[in-house]
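1. This is a predicted model, with the sequence first.
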Amino acid sequence: MKISSKSIAISGLVAGLYIALTLPLGSLATVPFFQIRPAEGLALLPILLPSSIFGLAIGCFLVNLLTSTFLDAVIGGLITLIAATLSRVIKNPYLAGIPPVLLNAIGLPIVFYFLGYEMAYGIMFLSILISQTVWVYALGLPMYFTTKKITLKHPELFR
């Protein structure tokens, strides 16, 4: 399979954007409750830009590696990769947000438990579910529709 330089560029751009939207927030983006991680709004991009799947996973991996632990980087990056792939398959922007919201809400409390947080799984699940929902839908949907408008207006940029 041949990967185009445009796909690599889009993936790198999305990874950089993910990092830029998360890294300045430091520990606020990695706490086990109500994560302030606006980069999760990028979760709907795979619907329009398949190359963004790897960019999201790489961006998440690098941010977690720099702000948390290797375990969080690997598991968080994997969750993001799976969620982005499922979002791409679903294609409906209102439904495509479900995989990143649910997979993070289910998986991250387990990671946080192994990192030593002694908060109840249910509390972490609910708080991550709420914060993910806010970022993926409140920020992600407007970003998705804006990006869709741009891709329709300038399809040559995204082929």
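-> That came through, no problem. Residues are numbered from 1 along each chain as shown.

2. Select the longest helix from this protein.
-> Looking across the chain with DSSP state H, the single longest helix is helix 70-90.

3. Name the residues that touch that one?
-> Judged by Cβ atoms under 8 Å, 6 or more residues apart in numbering, the contacts made with helix 70-90 from elsewhere in the structure are 30, 43-44, 46-47, 50, 52-54, 56-58, 60-62, 64-65, 68, 96-100, 103-104, 107-108, 110-111, 114-115. C-beta coordinates here come from the backbone N, C-alpha and C atoms, glycine included.

4. List only buried entries from the residues you listed.
-> The neighbour-count test (16 or more other Cβ atoms under 10 Å) marks 30, 43-44, 46-47, 50, 52-54, 56-58, 60-62, 64, 68, 96-100, 103-104, 107-108, 111 as buried among the contacts of helix 70-90.

5. Which members of those occur in helices, if any?
-> Among these, the residues falling in helices (DSSP H) are 46-47, 52-54, 56-58, 60-62, 64, 96, 98-100, 103-104, 107-108, 111.

6. Show me the shaky parts of this structure.
-> Scanning the chain for pLDDT under 70 picks out the ranges 1, 159.

7. got a list of what the residue lying closest to residue 129 once chain neighbours are set aside touches?
-> Distances taken as Cβ to Cβ, 6 or more residues apart in numbering put residue 105 closest to residue 129, at 3.9 Å, once the chain neighbours are dropped. If a contact means Cβ under 8 Å, 6+ apart, then residue 105 has 125-126, 128-129, 132 as its contacts.

8. Go through the residues you listed and say which is closest to residue 6.
-> Nearest to residue 6 among the contacts of residue 105, counting by Cβ to Cβ, is residue 132 at 29.6 Å.

9. if we can go back for a sec, any figure for the gap between the residue nearest to residue 129 and residue 150?
-> Distance of residue 105 to residue 150, computed by Cβ to Cβ, to the nearest Å: 30 Å.

10. Check residue 114 too.
-> According to Cβ to Cβ, residue 114 stands 41 Å off from residue 150.

11. Residue 98 too?
-> Counting by Cβ to Cβ, the gap between residue 98 and residue 150 amounts to 25 Å.

12. What of residue 112?
-> When Cβ to Cβ is the yardstick, residue 112 and residue 150 sit 37 Å from each other.

13. The two: who's more crowded?
-> Set side by side, residue 112 and residue 150 show unequal neighbour counts under other Cβ atoms under 10 Å, the larger going to residue 112 at 21 against 13.
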